[in-house]
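*Asks:* Predicted model and sequence follow; I will ask about them next.
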Amino acid sequence: EAGVVQSPRYKIIEKKQPVAFWCNPISGHNTLYWYLQNLGQGPELLIRYENEEAVDDSQLPKDRFSAERLKGVDSTLKIQPAELGDSAVYLCASSRAASGNEQFFGPGTRLTVL
Amino acid sequence: AQSVTQLGSHVSVSEGALVLLRCNYSSSVPPYLFWYVQYPNQGLQLLLKYTSAATLVKGINGFEAEFKKSETSFHLTKPSAHMSDAAEYFCAVRSAGGTSYGKLTFGQGTILTVHP
């Protein structure tokens, strides 16, 4: 079984530029999560999808961040415009459902904003 | 609100020595607790989880953790460290209800170094 796929693995951009991250969850996993991991810290949830519905986006900074999961499978997380403080690792995870099932994590996208 | 505190951002042990990584949680309801491991430039991998069954939970790679309600702790142990155990370890608690149902709240992580 293929794991969670994320691309790109690394991204370097200048501040004020837009950037997008892509995630393909494990087949059959209805729940998809985007986490932000700052250096030296644990991941923090940005948004959770149940199929195509964003059911928890309370931690997503909506002034510059957006996400979509149009067909309930792949998901894209966008930042526009990026700021220096957005430099971090963006992790995607998926599970069969939110209730008690293990979350499987992708390798993450390391973003550097110059 | 639920939270996790990992005591010690860095732990260093010799190969063959006991590994003990500490985690304390705060939860208003019986918690589901997890330990994840993260190798450099990789995603998180589940080591083990506590879901209110046995208080002593065995995981992969020889790790185990004991849930102690009276101490609100879920410490991770391994009797004999191996060089391949060097990584960062995260303790997490899962939200039980509301819109945050299923959300994992992570500790800040503990970097384990294993010396030959």
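*Replies:* Structure received. Residues are numbered from 1 along each chain as shown, chains lettered A, B, ... in the order given.
*Asks:* Near chain A, which residues of chain B? Just list them.
*Replies:* Counting by C-beta under 8 Å from any C-beta of the partner chain, the positions of chain B adjacent to chain A are B:4, B:9, B:32, B:36, B:41-46, B:49, B:51, B:90, B:92, B:94, B:99-109. To be clear about C-beta, it is placed using only N, CA and C from the backbone, and glycine gets the same treatment.
*Asks:* Try it again at 6 Å.
*Replies:* Counting by C-beta under 6 Å from any C-beta of the partner chain, chain B comes close to chain A at B:42-44, B:46, B:90, B:99-103, B:106-109.
*Asks:* tell me the two of the residues you listed that are most distant?
*Replies:* Comparing every pair within the residues of chain B next to chain A by C-beta to C-beta identifies B:42 and B:99 as the most remote, at 29.8 Å.
*Asks:* Give me the subset of the residues of chain B next to chain A that lies in strands.
*Replies:* If you go by DSSP state E, those have B:44, B:46, B:90, B:106 in strands.
*Asks:* Which pLDDT value goes with the residue lying closest to residue A:44 once chain neighbours are set aside?
*Replies:* In space, and not counting its chain neighbours, residue A:44 is closest to residue A:36: 5.2 Å by C-beta to C-beta, 6 or more residues apart in numbering or on different chains. pLDDT for residue A:36: 96.
*Asks:* Wait, residue A:36 touches residue A:86, no?
*Replies:* No. With contact defined as C-beta atoms under 6 Å, residue A:36 does not reach residue A:86; the gap is 8.7 Å.
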